[in-house]
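[1] Coordinates only, no sequence provided:
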């Protein structure tokens, strides 16, 4: 779903705001395995996945680590560069052909600054993200690899065929071999 339709379907934009948002959007179709956002960037853009699936990742000492996945109707945001004016360590990679809507963060804020329902929606989204991040840390620390994999299947059943096993294993904090053994037991 495109970003304007998504927010309109939730009754979060009036006609004027929808038109203003539509004017600010740049859309790109990103081929599979191409970067939507490079590592060590200073982007001030909001990235909305309209179609496809992507991953947020970082690379440390030649080790590629998947932090989380962005599915359709999800937003990726380079927090470090937007809010702290630092280089963002994370990148975003398309795992399938992916349609992305990009909006300059300042333009986004100008559109929503007087929109209380949209601000509430974003606030709830941030709380949900914090909760999921806390759950993920807990799962990495206290769940067995099998439990982490089962939790992952419950949380992200869509588009798994597009996600390479190595990215899933990295996200789950296990080796690809361990993930393959768990998948073969199912």
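    Nice, thanks for sending it over. Only a predicted model underlies this, so the values are computations on that prediction, with no experimental measurement involved. Residues are numbered from 1 along each chain as shown.
[2] residues touching residue 169, list them.
    When contacts are counted by CB atoms under 8 Å, 6 or more residues apart in numbering, residue 169 is found next to 175, 176, 178, 179. For glycine as for every other residue, the C-beta is placed from the backbone atoms N, C-alpha and C.
[3] for the second one, what are its contacts?
    The reference is to residue 176. Contacts of residue 176 were listed using CB under 8 Å, 6+ apart, and they are 165, 166, 169.
[4] For the first one, give me its contacts.
    Think residue 165. 176, 179, 180, 183.
[5] one more time with 6 Å
    For residue 165, the contact set (CB atoms under 6 Å, 6 or more residues apart in numbering) comprises 176, 179.
[6] pLDDT at it, what is it?
    The pLDDT attached to residue 165 in the predicted structure is 93.
[7] What's the separation between it and residue 171?
    Distance, residue 165 to residue 171, by CB to CB, to the nearest Å: 11 Å.
[8] can you check residue 70 too?
    For residue 70, the distance to residue 171 (CB to CB) stands at 12 Å.
[9] Please apply the same query to residue 24.
    Here the distance between residue 24 and residue 171 works out to 31 Å (CB to CB).
[10] For these two, work out which one has more neighbours and name it.
    Neighbours per residue (other CB atoms under 10 Å) separate residue 24 from residue 171, with residue 171 holding more: 23 against 17.
[11] Just give me the neighbour total for the nearest residue to the more buried one once chain neighbours are set aside.
    Computed as CB to CB, 6 or more residues apart in numbering, the closest residue to residue 171 that is not its neighbour in sequence is residue 66, at 4.2 Å. Per other CB under 10 Å, the neighbour tally for residue 66 reads 21.
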